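Enquirer: I would like to see how this sequence folds:
(4 chains)
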Protein chains: 4
Amino acid sequence: MLFEKWMSEGSVSIPNMLLKSYKKIGLSDNECMLFIQLHVFIESGNYFPTPIELAERMTTSSHEMSSMLRSLVGRGLLGMEQYEDKEKGVYFEAYTLQPLWNRLMDSLKEEEQIQKETNKEQLEQ
Amino acid sequence: MLFEKWMSEGSVSIPNMLLKSYKKIGLSDNECMLFIQLHVFIESGNYFPTPIELAERMTTSSHEMSSMLRSLVGRGLLGMEQYEDKEKGVYFEAYTLQPLWNRLMDSLKEEEQIQKETNKEQLEQ
Amino acid sequence: MLFEKWMSEGSVSIPNMLLKSYKKIGLSDNECMLFIQLHVFIESGNYFPTPIELAERMTTSSHEMSSMLRSLVGRGLLGMEQYEDKEKGVYFEAYTLQPLWNRLMDSLKEEEQIQKETNKEQLEQ
Amino acid sequence: MLFEKWMSEGSVSIPNMLLKSYKKIGLSDNECMLFIQLHVFIESGNYFPTPIELAERMTTSSHEMSSMLRSLVGRGLLGMEQYEDKEKGVYFEAYTLQPLWNRLMDSLKEEEQIQKETNKEQLEQ
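Expert: Presented below is the predicted three-dimensional model:
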């Protein structure tokens, strides 16, 4: 019965690149945790969780949550998109983690560039 | 080339029960993040990452990391086991997240118990 | 652009117990593949994919798919539940993988039982 | 106790792109299942499972397994790499799923190309 409940909750997949490199792209532990929570909400079909919903699961207050969300959007790491629900004729907002994945990819690119230049310098010496 | 690097890093699976309920069992956002990092290290074959290795990926200092690890072990949420490497004839330590999973399961059990009692009281009224 | 599409598709978590033990509980490779596809559909919010939808992703024909689904339900490995959409006042069917998880847990229990008896016999000799 | 065993087995992350598109790139259900099993072995540190090890978990015989592996390597979907274990001074083989990820990415690229051309044609009419 409990095991059934556990299984019905399921698991979420987190790219290791995020966990290994969030510090490099300027995220704090708390901000990474917020991204993971946003990911869980989005996967479960809630594309725009409120600061209050997020604060229910985190030890960060809903007030701090609002300012963290604003900061992440401002730094171009968290995206916001507008969708139209044609059936109901309304627009709704959705968070997207795509800017985060792109930033991580960029940091990978920079690393590779530095690697190449280091190799080149060593060859020239 | 970059995509290959991304894919070779892979992904890690995190039970949603942890992400939804860590606050209920008394963990802070930072402590949950530390558990996730421990999970990643263990999955990659490093069963006993040092505070320094952990601090390289987190915005928590290695000094704070040591005290966080001690606190989690002390509160019975993080386990430590000793294994024997028979080939090399040495013992080594390994962290285990099993106490954490058990605690989450217990919290699920308590919730169900409270649910049942509430239902019973409502019937008796 | 392509990387964005890849990331937006996401990943799905599959318990290793299923992949390591499906043969022991009498599932064929194809049947396990069907369970994984059902899992993906359910996670994406489609709780009752049709044999035609499943056959679009698999090399099994929709005709064979129907008989595989019937067989899995008949053997008590795939569950079907009825839910009420109260907003729309209609009932809908949903597949559930819970019987599968329970069967895998039972097979784990049996293994442990056999292990214990073997250990006991060895002690008595 | 059983729950502990379940948790210690863990979960594996599978990109949804594989599950949704393996048919399009010419893989059968069985071949996709084999790729998933290879992924599980590799993640657990066994980089070159034998046909016998694979056949223990699958309903495909070890004989068929050998020919499936050969076929996947021949079609450029499964890669093989040689590594040097410098400590022991030996070389060892390892499977890599990178060619599979690249092929899936290529199929995504083709789809986008077709989409663009269709859009262009519709505009020109």
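Enquirer: Okay, A:Glu93 and chain C: tell me how far apart.
Expert: Distance from A:Glu93 to chain C, counting by CB to the nearest CB, to the nearest Å: 17 Å. No exception for glycine: its C-beta is placed from N, CA and C like everyone else's.
Enquirer: which residues does that residue contact?
Expert: Going by CB atoms under 8 Å, 6 or more residues apart in numbering or on different chains, A:Glu93 touches A:47-48, A:80-83.
Enquirer: What about it? Give its phi and psi, please.
Expert: When read as degrees, to the nearest 10, the backbone of A:Glu93 gives phi -90, psi 150.
Enquirer: for it, which residues make a bridge with it?
Expert: Here A:Glu93 shows beta-bridge partners A:Gln82, assigned using DSSP bridges.
Enquirer: In chain A, which residue sits closest to chain D?
Expert: Chain D sits closest to A:Ser13 of chain A, with a gap of 4.1 Å, by CB to the nearest CB.
Enquirer: So how do I select the buried members of the contacts of A:Glu93 in PyMOL?
Expert: Buried subset of these, written as a PyMOL selection, criterion 16 or more other CB atoms under 10 Å in any protein chain shown:
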select buried, chain A and resi 47
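Enquirer: Where is pLDDT lowest across the contacts of A:Glu93?
Expert: Within the contacts of A:Glu93, the minimum per-residue pLDDT falls on A:Tyr83 (86).
Enquirer: Now do the same contact list for that one.
Expert: A:47, A:91-94.
Enquirer: residue contacts, the residue of chain A closest to chain D?
Expert: The neighbours of A:Ser13, taking CB under 8 Å, 6+ apart as the test, are B:11-14, C:10-13, D:13.
Enquirer: so how far is B:Tyr95 from the spatially most central residue of chain A?
Expert: Centrality entry for chain A: nearest residue to the mean C-alpha point is A:Phe35, 3.5 Å, by CA atoms, centre = their mean. Note on A:Phe35: its distance to B:Tyr95, by CB to CB, to the nearest Å, is 24 Å.
Enquirer: Leaving out the residues flanking it, which one is nearest to A:Pro49?
Expert: Using CB to CB, 6 or more residues apart in numbering or on different chains and skipping the chain neighbours, the partner closest in space to A:Pro49 is A:Phe41 (4.2 Å).
Enquirer: TSV for the contacts of A:Ser13, including secondary structure and pLDDT?
Expert: Formatted as TSV, the contacts of A:Ser13 follow (DSSP: H, G, I helix; E, B strand; the rest coil; pLDDT from 0 to 100):
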residue	secondary structure	pLDDT
B:Ser11	strand	93
B:Val12	strand	94
B:Ser13	strand	94
B:Ile14	strand	96
C:Gly10	coil	91
C:Ser11	strand	93
C:Val12	strand	94
C:Ser13	strand	94
D:Ser13	strand	94
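Enquirer: So, low pLDDT: which residues of chain A?
Expert: Scanning chain A for pLDDT under 70 picks out nothing.
Enquirer: now do 80
Expert: Chain A contains residues with pLDDT under 80 at A:1, A:123, A:125.
Enquirer: Give me every residue in it lying close to chain D.
Expert: Residues of chain A lying near chain D by CB under 8 Å from any CB of the partner chain: A:3, A:6, A:11, A:13.
Enquirer: Could you pick out the buried ones from these?
Expert: When burial is judged by neighbour count using 16+ other CB under 10 Å, the buried members of those are A:3, A:6, A:11, A:13.
Enquirer: Just name the closest of the residues you listed to A:Tyr22, please.
Expert: Minimum distance to A:Tyr22 across those is 16.1 Å, recorded for A:Ser13 (CB to CB).
Enquirer: and the closest one, what are its bridge partners?
Expert: Note on A:Ser13: beta-bridge partners B:Ser13, judged by DSSP bridges.
Enquirer: Would you mind measuring from it to B:Ile25?
Expert: Per CB to CB, A:Ser13 is found 23 Å from B:Ile25.
Enquirer: quick one, helices of chain A?
Expert: Assigned by DSSP state H, the helices in chain A fall at A:2-9, A:16-21, A:29-43, A:51-57, A:62-74, A:98-124.
Enquirer: Can you confirm whether the shortest one lies near chain B?
Expert: The one in question is helix A:16-21. Yes - using CB under 8 Å from any CB, helix A:16-21 reaches chain B at A:16-17, A:19-20.
Enquirer: Over to the last one?
Expert: Yes - with CB under 8 Å from any CB as the threshold, helix A:98-124 lies in contact with chain B, specifically through A:105, A:108-109, A:112.
Enquirer: How about the contacts made by the closest residue to A:Ser62 other than its chain neighbours?
Expert: Nearest residue to A:Ser62, sequence neighbours excluded (CB to CB, 6+ apart): A:Ala55, at 3.8 Å. A:Ala55 makes contacts with A:61-62, A:65, as judged by CB under 8 Å, 6+ apart.
Enquirer: Only the buried subset of those, as a ChimeraX command please.
Expert: Restricted to buried positions by 16+ other CB under 10 Å, the ChimeraX selection for these reads:
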select /A:65
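Enquirer: dump the residue contacts of A:Phe48.
Expert: Counting by CB under 8 Å, 6+ apart, A:Phe48 makes contact with A:92-95.
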